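> quick one: sequence plus predicted model below, questions after.
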Amino acid sequence: CQLALVVLILSVSVSIKAIVPTSFGFLPEDYRLFTADGDFKCADKAFSIPLHSVNDNYCDCLDGSDEAGTSACTNGKFYCINVGHQGKLIPSSRVHDGICDCCDGSDEYIPTIASPEPAGAEPLGDESRHTADGKANETGWTSKCPDSCAEFGQRRRAELTKLIELHEKGLARRAEYSKQGARMRQAVV
């Protein structure tokens, strides 16, 4: 009984805040900004910051490159991986704005990893620890947005297949007209 009371008091008194995975929202080619000595080098190369200052909801780099996974910097960029479709770069101001801009929902992520008080992060509720079907999420985040990338990707691939078929028909017709033109020139000569 006393143990349950201690757990309840600790859970109420310790503010649990969400952690944004450090590399969340970064373009894969920007992973080079994470240095081997555990720092992050701002994209404008002005200076380096400690790794724990990346995606902490505070704009340390003047170019906003340290906050790709948050909307802290007005000039930041967020990369949607969009597995099954195509990646997309959006302004960081669109992260957590209530509109699903990425087909994988990553711009409206809800972290599923918690730790005591990283600076500036939003509180993590128990409802965010599970996906829409109630299963625990292994990736470190879930989203209120449906993941529609496979559907969009399938539609886009079908469009591209039709476009390729159209181009192939056009090339075949061009070759046919070219042969007809050559025969007509031969007939005139």
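Happy to help now that I have it. Remember, predicted model here, so these are calculated numbers, not experimental data. Residues are numbered from 1 along each chain as shown.
> ends of stretch 69-86, what's the gap?
Start-to-end span of stretch 69-86 (CA to CA, to the nearest Å) is 18 Å.
> please shift the residue numbers so they start at 38 in all later answers.
Okay, residue one is now 38; in that scheme the one you just asked about reads as stretch 106-123.
> the nearest residue to Cys79 once chain neighbours are set aside in helix, strand or coil?
Leaving aside its sequence neighbours, Cys79 sits nearest to Cys98 (CB to CB, 6 or more residues apart in numbering; 3.5 Å). All C-beta spots, glycine's among them, are computed from the backbone N, C-alpha and C. Following DSSP: H, G, I helix; E, B strand; the rest coil, Cys98 is assigned to coil.
> what about Cys98, neighbour count?
Look at Cys98: counted by other CB atoms under 10 Å, it has 24 neighbours.
> and it, what does it touch?
Counting by CB atoms under 8 Å, 6 or more residues apart in numbering, Cys98 touches 79-81, 83-84, 86, 104, 110.
> where do the helices sit along the chain?
For the chain, the helices defined by DSSP state H cover 39-50, 186-225.
> which ones are touching Cys110?
96, 98, 101, 103-104, 129.
> please apply the same query to Asp97.
Contact partners of Asp97, counting by CB under 8 Å, 6+ apart, are 79, 86, 90, 103-104.
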